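J.: Sequence plus predicted model, see below.
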Amino acid sequence: MDSDAKRLREIIAEADDVVVFTGAGMSTESGVPDFRSPGGVWSRMTPILFQDFVASEEVRREAWRRVFSGAAGWTGAKPNRGHRVIARLVAEGKVSTVITQNVDNLHQEAGAPPDRVLELHGNAGYATCLDCGLRHELEQIKAAWTESGPAPRCSACDGLVKTATISFGQPLPAGILSRAEDAAHGCDVFLVLGSSLRVYPAAGLPLLARRAGARLVIVNREPTDQDSYADLVLHAEIGEPLSAL
C-alpha cells in the first residue's frame, strides 16, 4: 500500500463521522461518462436548460428522446468497487451520509440505504410532474412514447413531466441542500470522491466542512481548486484507493 492510500485509511479509521461527497468520477469505472472531459456528455450534446424545457414542446421532445435513447450513458450501468466500499462503510456506521452530484442511483444499488444518500442533482431513474410532483415511472412513459408524438404529460393534472434530475437553471431542492449542509457541518472527515468541485452550491460543501473543523480529503483524477485546503489529496481513479479501506 502506498503512503497516500495508507494515510487515507488511517484518517478514515480515526474518524467518528465521515461524510462522502461524490461526483461524476465516482461512476466512470462503471462505464458512465463524465460531463466535461473530452468525450464526455457535454462534448457530444448541448445541455438542455430548464427554462427551455418548460417553454418549448420541441425541446421537451428532444429531452425525452435523449432519455430513451440512452444518450447520457448511465442506462444499464452497475455499481463498481468504489460504490460497494462506500455502502459497506455506511453499513458499518463509519459513513453517516453520502452526498452525491450523480443521478445514476448506483450508490443505492450498491446497498447504501436511500435515506442516507442525498442526491443534490436528482435521480434519472424516474420522472416527476413539475406542477403537482407526482412520480412517474419511466417504463410506463416509454410504453406510450413515440418520437413524433407529444412530450409526456402528468396523468393526474396534465402538467409537464420531466426526469427527476436537476437541469441547468433549475434550483436545487432546498430540503436536500439543507440536509447536506447540516451533514457537512457536523462531520469530522469530509471525503470528496471524483468531483471537479466546480459546480456551486454543491462545491461549497467541502469548504463548509473544513471551516467547521473537519479533515478534508480529496480523491480526484485531476487537480481541483480546493486541493490547497485539503489535509490529503490523491490524484487517482477512485476504486484503487477505496479498496485499501
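T.: Ah, there it is.

J.: now the helices for this structure?
T.: 3-14, 41-44, 50-55, 57-69, 81-91, 106-109, 138-144, 174-186, 205-211, 239-243 (DSSP state H).

J.: Check the average confidence over the first one, would you?
T.: For helix 3-14, the per-residue pLDDT values average out at 93.

J.: Quick check: buried residues in that helix?
T.: For helix 3-14, burial by neighbour count (16 or more other C-beta atoms under 10 Å) applies to 4-5, 7-8, 11-12. All C-beta spots, glycine's among them, are computed from the backbone N, C-alpha and C.

J.: And the helices of the chain: which comes nearest Val32?
T.: Across those, the minimum distance to Val32, taken as C-beta to C-beta, is reached by helix 106-109, at 7.8 Å.

J.: Can you name the residues in contact with that closest one?
T.: In this structure, residues lying in contact with helix 106-109 by C-beta atoms under 8 Å, 6 or more residues apart in numbering are 22, 26-27, 30, 32, 77-80, 83, 86-87, 98, 100, 114, 117.

J.: again, 6 Å this time
T.: Residues external to helix 106-109 that are found in contact with it (C-beta atoms under 6 Å, 6 or more residues apart in numbering): 27, 79, 83, 98, 114, 117.

J.: and if you look at stretch 5-20?
T.: By C-beta under 6 Å, 6+ apart, stretch 5-20 touches 86, 94-98, 183, 187-191, 215, 232, 241, 244-245.

J.: Mean pLDDT per helix and strand in this protein: which one sits at the bottom?
T.: helix 41-44 (a mean of 56; mean pLDDT, DSSP states H and E).

J.: ok, back up a step: hmm, which two among the contacts of helix 106-109 are most spread apart?
T.: In those, the most distant members under the criterion C-beta to C-beta are Ser27 and Pro114, with 17.1 Å between them.

J.: The two - which one has more neighbours?
T.: Here Ser27 and Pro114 are set side by side on neighbour count (other C-beta atoms under 10 Å), and the busier one is Ser27, at 27 against 10.

J.: show me what contacts that one?
T.: Counting by C-beta under 6 Å, 6+ apart, Ser27 touches 102, 104, 106.

J.: what about Gly70, distance to Glu58?
T.: In this structure, Gly70 and Glu58 are 21 Å apart, going by C-beta to C-beta, to the nearest Å.

J.: burial measure for the closest residue to Glu29 other than its chain neighbours, as a count.
T.: With C-beta to C-beta, 6 or more residues apart in numbering as the measure, Asn80 is the residue that lies nearest to Glu29, at 4.2 Å, once sequence neighbours are left out. Other residues near Asn80 number 21, with proximity taken as other C-beta under 10 Å.
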